[in-house]
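K.L.:
After the sequence you'll find the predicted model.
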2 protein chains.
Amino acid sequence: MTPFAHLRVEGVYTGAVRVIDKGRGAVVSEPQSEILCALDGIVGDRHFGFTKSAGVRERAFHSKGTPIWNPRTWSAVSVEELAEIAASMSVAEVKAEWLGANLLFSGVENLTLLPPLTRLVFSSGAVLLVYGENLPCVGPANVIKKLGTSLNAASSKTFGKAAAKKRGLVGWVERAGGIRPGDTVEAHLP
Amino acid sequence: MTPFAHLRVEGVYTGAVRVIDKGRGAVVSEPQSEILCALDGIVGDRHFGFTKSAGVRERAFHSKGTPIWNPRTWSAVSVEELAEIAASMSVAEVKAEWLGANLLFSGVENLTLLPPLTRLVFSSGAVLLVYGENLPCVGPANVIKKLGTSLNAASSKTFGKAAAKKRGLVGWVERAGGIRPGDTVEAHLP
């Protein structure tokens, strides 16, 4: 089967909570040499598990705290979209780990537009399935304000506006495997 | 949120293997008064489990026997589409259990066309997610040949042709709950 696009893994990360500013928590991930994707998630990551407790993102259908299937054991962003977000916010750069991402890809202009159930087939053997766009949240805005180098505050957009349709993808694991920087990835549309 | 369509549960079933004809197995399900959907599948059903061993349906991406995430803990057909299949095959009826279905719905003309990640919200509290169309297999053809009452063999189509785009849906469970005949269902598009 011919892939729709080819990607390259530029970085892999696992998430940890780090509080920045008083009372304002934000999830920041940390670079790793490899991440291990089991069928129930990335080993050691905070989003691990076939199930989760429904939160604010799920409130359209589930009351807070209800046990539900976990659609997002991984999140991914791209070099291309992070550069666009940084330009819109007038900061020198936006790092993948500031958004709590597990994967940084390069190779496609609009990673976030890959549709649900797109299959990401890694050279290592892992296969990830796309659930959808990562919904906006306030955490990254706080992190970028704290850690980003402002170039021109006057022309900067808020994170929410800058990151619309560029915030990356979330999804779950279809086939287990390790993933390292340098791995190549075939993206197959559903 | 306004649902795209309203369905009604006409029957619920769990699957068991029953061999018909020598050497020709076919999966036939059995009517129940209620099915219990856990997050990892329908309790007591043969497709239960967050994971499965890759089979012939997954061969485009996975070698046989590889452990993968299980996209189909349930399957559903509709009264409307079964009537169309029966008419095309010139048999008096095609029963949901002959296709090994877990759920029989009424209320939409083309159940099978509901897209992936459609959310089926049951009055009981269960929520199911759609993976996609149930792919054709040879089992139902054998069952219908054995159990169906032929009306006009000359005008009959094969099951594969008669059931194209009418074979129903498969998917997995997002929120647990019991499902009974008579329950109502809201279908929300992704």
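P.N.:
Received, thanks.
K.L.:
Now for residue A:161: which residues touch it?
P.N.:
residue A:88 (C-beta atoms under 8 Å, 6 or more residues apart in numbering or on different chains). Any C-beta I mention is one placed from the backbone N, CA and C, and that applies to glycine too.
K.L.:
Let me see the ranges of the helices in chain A.
P.N.:
Secondary structure of chain A (DSSP state H): helices at A:79-89, A:139-147, A:159-162.
K.L.:
so which of the ones you listed comes closest to residue A:186?
P.N.:
Between residue A:186 and these, the tightest spacing by C-beta to C-beta is seen for helix A:79-89, at 17.8 Å.
K.L.:
can you state the direction angle for the closest one and helix A:139-147?
P.N.:
70 degrees (axes from the mean of the first three to the mean of the last three C-alpha atoms, to 10 degrees).
K.L.:
which other residues reach helix A:79-89?
P.N.:
Applying C-beta under 8 Å, 6+ apart, the external contacts of helix A:79-89 come out as A:10, A:92-96, A:99, A:104-106, A:108-112, A:144, A:148, A:156-159, A:161-163, A:166-168.
K.L.:
rerun that using 7 Å as the cut-off
P.N.:
Here helix A:79-89 makes contact (C-beta atoms under 7 Å, 6 or more residues apart in numbering or on different chains) with A:10, A:92-94, A:96, A:104, A:106, A:108-109, A:111-112, A:144, A:156-157, A:159, A:162-163, A:166, A:168.
K.L.:
Please save the CA atoms from it in CSV.
P.N.:
Extracted in CSV, the C-alpha atoms of helix A:79-89 (Å, rounded to 0.1, in the frame of the first residue of the first chain):
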residue,chain,number,x,y,z
VAL,A,79,8.8,21.0,13.3
GLU,A,80,6.8,22.8,10.6
GLU,A,81,3.8,23.7,12.7
LEU,A,82,5.8,24.7,15.7
ALA,A,83,7.8,27.2,13.6
GLU,A,84,4.5,28.7,12.4
ILE,A,85,3.2,28.9,16.0
ALA,A,86,6.4,30.6,17.1
ALA,A,87,6.2,33.1,14.2
SER,A,88,2.6,33.9,15.1
MET,A,89,3.5,34.4,18.7
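K.L.:
List the buried residues in it.
P.N.:
Of the residues in helix A:79-89, A:79, A:81-82, A:84-86, A:88-89 count as buried by neighbour count, 16 or more other C-beta atoms under 10 Å in any protein chain shown.
K.L.:
From those, pick the one nearest chain B.
P.N.:
residue A:81 (21.8 Å; C-beta to the nearest C-beta).
K.L.:
so who does the nearest residue to residue A:97 once chain neighbours are set aside touch?
P.N.:
Take residue A:97 and drop its neighbours on the chain: the residue closest to it by C-beta to C-beta, 6 or more residues apart in numbering or on different chains is residue A:29, 4.6 Å away. Listed by C-beta under 7 Å, 6+ apart, the contact partners of residue A:29 are A:13-16, A:97, A:100-102.
K.L.:
Now with 10 Å, please.
P.N.:
By C-beta atoms under 10 Å, 6 or more residues apart in numbering or on different chains, residue A:29 lies in contact with A:11-16, A:18, A:45-46, A:75, A:95-104.
K.L.:
Pull up the gap between it and residue A:102, please.
P.N.:
6 Å (C-beta to C-beta, to the nearest Å).
K.L.:
now the residue lying farthest from the centre of chain A: how far from chain B?
P.N.:
Largest separation from the mean C-alpha position in chain A: residue A:154, at 28.0 Å (C-alpha atoms, centre = their mean). Distance, residue A:154 to chain B, using C-beta to the nearest C-beta, to the nearest Å: 39 Å.
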